[in-house]
Structures are given as C-alpha cells and as structure tokens.
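Chemist: dropping a prediction and its sequence here:
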Amino acid sequence: NTTPPVVLSTPASTNICFGQSTGLSASGAVSYLWSTAATTSVITVTPNTTTTYTVVGMAANGCTSTAISTVSVTPLPIPIAGNNGPLCVGANLQLNGSGGTTYAWAGPAGFMNVTQNPSIPAVTLNEAGVYTLVVTVGTCTGVTTTSVTINPLPLPTASNNGPVCEGVGLTFNGTGGVFYNWSGPAGFVSNSQTPGILAPSVSNSGTYTLTVTDANGCINFTTTTAVVNPLPAISISGSTVCANQTINLGATGGTIYNWNGPSGFTSSSQNPSIPNANPSMGGVYSVTVTDVNNCTSTSNTVVVVNPIPTPNANNNSPICTGQSFALSATGGLTYSWVGPNGFASTAQNPLINTSTTNM
C-alpha cells in the first residue's frame with residue numbers, strides 16, 4: 001500500500017506577541033520531523049518574527065506527507081513614560097504616557113490609574129519612587145517605568161534681636177535655604193539672609209515674613225515678630241532763681257533718672273533740688289531718662305541763677321526842719337523805700353519837700 005498519510009499541522013496559522021510562545025501539533029502519521037529538527041508530534045516555538053513551520057509525517061508504510069503552520073509575530077508596543085519632576089512637596093505630579101491604546105499605571109502609596117496622563121495633586125514624600133506603565137495594543141503589552149523625585153520643603157527659621165528701642169539697630173537672621181526674601185511692616189523688603197534696619201522706628205514693629213528657597217528650588221516660609229519700643233517722652237523743668245535760693249529740677253517719662261549739670265552736679269533723683277544757689281550753678285542741666293523697656297532718652301533745661309543786687313542808699317542829711325529831704329539809691333531796676341512816720345515810696349530817688357523832726 002503506497003498511499004501517503006494525511007498530515008495535519010494545527011493550528012494552520014496563529015498570531016502571537018513578540019516574546020510569547022505557542023504550541024504546534026501534528027497528526028495523521030506515525031512519526032514526524034519538524035523544520036525545527038524536532039521529532040515529536042507537539043512542539044513549542046518562540047519565533048522573533050513571522051515564521052512558517054513545516055512538519056513531515058511518515059506513515060507506517062514509509063510514505064510521507066507535509067503540512068505547514070504559520071506563526072505571525074506582532075511586535076510589542078514601545079511605551080514611553082515620563083513625569084514633570086523633580087517636584088517639591090505640595091506640587092502637582094503629572095505623569096505622561098504614550099505608545100499604546102490602553103494604559104495602566106501603578107506606583108507608590110498604592111497608586112493605580114488607567115488614564116494615559118494621570119495627575120496627583122499636592123504630592124507628599126510618600127509618593128516619590130518608581131511608577132510602572134503597562135500599555136496595550138491589541139493583545140500585546142509593553143511595560144516601562146518612570147522615576148519620580150519629590151524633594152522635601154526647606155525648614156526655615158527666622159529670628160530678630162528685638163525688642164529694641166527706637167534708633168537702635170534691628171537685625172534679622174534666617175536659616176534653612178539658599179535664597180532668602182524678607183518682607184515686613186513699613187514696606188520692608190530684603191533678599192539678604194541677615195538684613196537689618198539701622199535706625200528703626202515704632203512703625204517697624206510687627207510681623208516679618210521670610211521666604212526661603214533651597215538648592216532644589218523648593219520654597220517654604222516662616223515669620224518672626226519684631227518689637228520696636230518708643231523712646232521715653234521726657235517732660236523737663238528747670239528754674240530761674242536768685243543767688244542763695246533753691247534750684248528745683250524736675251522730669252517725667254521714665255523710671256530711672258540721671259542728671260548732670262554745672263559745677264559737677266549729678267543726681268539720680270527724679271526731681272532734685274539744689275539749695276543755696278550761686279551764679280556758678282547756672283547753665284545747662286541734662287537728664288537721661290530710662291523707661292520700663294530699658295529705652296533711654298536725653299533732654300536739657302537751662303537754669304539761670306541771678307546774682308543778688310548790691311543796693312546803695314544815701315540822703316542829704318543833716319538838714320534843718322522845713323528844708324527838703326532827698327533820698328537816693330543805686331543798684332537795681334525797681335526800688336521800694338520805707339521809713340519813719342509811715343514813709344513809703346517806689347521812686348529811685350524820692351524827695352520830701354518840707355521835712356519835720358519826726359522824719
């Protein structure tokens with residue numbers, strides 16, 4: 001009997017994705033020889049490109065027959081995955097994928113998403129790491145990854161040397177960044193790490209904001225409150241006295257007082273007195289007042305010590321009854337005479353036209 005066998009190779013054609021394997025099966029004979037040199041009825045193949053496989057089947061009578069199977073290989077999709085990192089904590093993460101018709105993302109902190117370009121708002125450090133993208137075209141899939149870097153925010157500190165008094169330098173100090181930006185009351189701005197205000201006023205009191213940027217471009221801010229205390233408002237009084245009288249000084253506006261004046265005068269009294277004044281004690285008296293905030297202010301007052309006038313009085317006596325009686329005086333600006341028989345006059349040189357013995 002020379003009838004050849006009826007050899008079948010199944011499946012006659014099939015489609016696989018690159019890298020996959022498929023099985024081919026031959027039947028209808030007692031022995032087989034595949035184009036791969038395999039001699040079994042069933043083989044597994046993993047072709048890189050579309051390939052036709054031939055199998056020769058031999059019957060028991062020695063007759064042969066041939067069958068073929070074609071395995072078509074579809075290339076895998078080539079996915080591309082990216083992101084908008086590096087990011088700072090709090091920024092929005094944008095993932096970008098391409099290369100497929102369907103998309104499946106997976107990543108840190110249990111992230112899963114099936115959109116092509118998903119986003120994650122206000123990221124934290126937990127969302128840094130490797131994100132895997134699986135893309136599908138038909139039945140074939142491709143896999144790629146993208147690594148997301150999330151940098152922590154800087155930890156800025158801000159301080160100042162306050163409280164200070166008006167006119168005393170106010171300085172600030174910031175840490176935690178590479179670039180510094182200050183803003184505060186009275187239009188204050190600076191990009192120095194340690195700025196200052198040479199002669200601050202009360203208007204410079206308040207909250208100052210420091211914004212720092214680190215080497216990764218991440219930004220954070222903090223605040224510090226500065227206090228500028230006003231100088232004590234001094235009210236000061238002096239006096240104009242005559243020699244041998246008491247000089248009375250006075251000041252208000254503080255808790256501590258320090259006086260200085262002519263002839264080596266010093267006092268820590270708020271309202272000092274100087275008895276038995278003499279002209280050498282006249283001049284400028286200075287008081288430095290310190291308040292509860294330890295702020296100081298200085299003010300001056302002028303003390304005048306007038307010398308006592310040296311009067312000189314004369315008359316034209318002796319005279320006879322009925323004659324004119326003349327008095328005269330020098331040494332002053334105003335004069336006040338008193339004498340016997342109830343005499344009184346404010347003239348410098350009074351004249352009594354007709355004298356009597358009781359004068």
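Modeler: Received it, and whenever you're ready, just let me know what you need. Numbers count the residues shown, from 1 in each chain.
Chemist: per-residue confidence for Thr223?
Modeler: Per-residue pLDDT puts Thr223 at 98.
Chemist: ditto for Thr357
Modeler: 87.
Chemist: which one is it nearest to, not counting chain neighbours?
Modeler: Thr321 (5.9 Å; Cβ to Cβ, 6 or more residues apart in numbering). To be clear about C-beta, it is placed using only N, CA and C from the backbone, and glycine gets the same treatment.
Chemist: from Thr354, how far out is the one you found?
Modeler: Distance, Thr321 to Thr354, by Cβ to Cβ, to the nearest Å: 9 Å.
Chemist: most centrally placed residue in this structure?
Modeler: Leu210 (0.9 Å; Cα atoms, centre = their mean).
Chemist: so Tyr32 versus Pro4, what's the distance?
Modeler: The spacing between Tyr32 and Pro4, counted by Cβ to Cβ, is 14 Å.
Chemist: of the two, which one has the most company?
Modeler: Tyr32 (23 against 16; other Cβ atoms under 10 Å).
Chemist: helix, strand, or coil at the residue lying closest to that one once chain neighbours are set aside?
Modeler: Leaving aside its chain neighbours, Tyr32 sits nearest to Ala26 (4.8 Å; criterion: Cβ to Cβ, 6+ apart). Ala26 falls in the strand class when you classify it by DSSP: H, G, I helix; E, B strand; the rest coil.
Chemist: ok, the closest residue to Ser237 other than its chain neighbours - contacts?
Modeler: Computed as Cβ to Cβ, 6+ apart, the closest residue to Ser237 that is not its neighbour in sequence is Gly250, at 4.3 Å. Contacts were defined as Cβ atoms under 8 Å, 6 or more residues apart in numbering; by that measure Gly250 touches Ile236, Ser237, Gln270, Asn271.
Chemist: try 10 Å
Modeler: For Gly250, the contacting residues are 235-239, 257, 269-273, 287, 301, by Cβ atoms under 10 Å, 6 or more residues apart in numbering.
Chemist: quick one: the closest residue to Thr157 other than its chain neighbours from Leu210, how far?
Modeler: Counting by Cβ to Cβ, 6+ apart, Thr157 lies nearest to Thr175, which is 4.8 Å off, once chain neighbours are set aside. The gap separating Thr175 from Leu210 is 9 Å, by Cβ to Cβ.
Chemist: which residues are in contact with each of these two?
Modeler: Common neighbours of Thr175 and Leu210 (Cβ under 10 Å, 6+ apart) are Pro156, Thr157, Ala158, Ser159, Gln193, Thr222.
Chemist: give me every residue that touches the first one.
Modeler: Think Pro156. By Cβ under 10 Å, 6+ apart, the contact set of Pro156 is 174-177, 180, 210-214, 219-223.
Chemist: can you rerun that using 8 Å?
Modeler: Contacts here follow Cβ under 8 Å, 6+ apart; on that basis Pro156 touches Gly174, Thr175, Gly176, Gly177, Leu210, Thr211, Val212, Asn220, Phe221, Thr222.
Chemist: what score does it have for pLDDT?
Modeler: So Pro156 comes in at 98 (pLDDT).
Chemist: again with the fifth one
Modeler: Predicted confidence (pLDDT) at Gln193: the value is 98.
Chemist: that one: what's it in contact with?
Modeler: Gln193 touches Asn173, Gly174, Thr175, Tyr180, counting by Cβ under 8 Å, 6+ apart.
Chemist: what two of those residues are the furthest from one another?
Modeler: Asn173 and Tyr180 (10.0 Å; Cβ to Cβ).
Chemist: comparing these two, which residue is more hemmed in?
Modeler: Taking neighbours as other Cβ under 10 Å, Asn173 and Tyr180 compare with Tyr180 leading, 22 against 16.
Chemist: quick check: the gap between the residue nearest to Ser237 and Val303.
Modeler: For Gly250 relative to Val303 (Cβ to Cβ), the value is 12 Å.
Chemist: nearest spatial neighbour of Ser235, skipping sequence neighbours?
Modeler: Nearest residue to Ser235, sequence neighbours excluded (Cβ to Cβ, 6+ apart): Thr252, at 4.5 Å.
Chemist: count the residues that sit near that neighbour.
Modeler: Applying other Cβ under 10 Å, we find 14 residues neighbouring Thr252.
Chemist: now swap in the one 4 residues further on and tell me
Modeler: A count of nearby residues for Ile256, using other Cβ under 10 Å, gives 14.
Chemist: ramachandran angles for Ala277?
Modeler: Reported as degrees, to the nearest 10, the phi and psi values for Ala277 are phi -60, psi 150.
Chemist: count the residues that sit near it.
Modeler: Residues contacting Ala277 under the criterion other Cβ under 10 Å number 21.
Chemist: how near is it to Phe111?
Modeler: Computed as Cβ to Cβ, the Ala277 to Phe111 distance reads 92 Å.
Chemist: one more: Leu333?
Modeler: Distance from Leu333 to Phe111, by Cβ to Cβ: 103 Å.
Chemist: neighbour-wise, which of the two wins?
Modeler: Phe111 (18 against 6).
Chemist: how much space between the more buried one and Gly100?
Modeler: Plainly put, Phe111 is 18 Å away from Gly100 if you go by Cβ to Cβ.
Chemist: now Thr310
Modeler: In terms of Cβ to Cβ, Thr310 sits 120 Å off from Gly100.
Chemist: and the two? Which one has more around it.
Modeler: The neighbour comparison of Thr310 against Gly100 (other Cβ under 10 Å) goes to Gly100, with 21 against 8.
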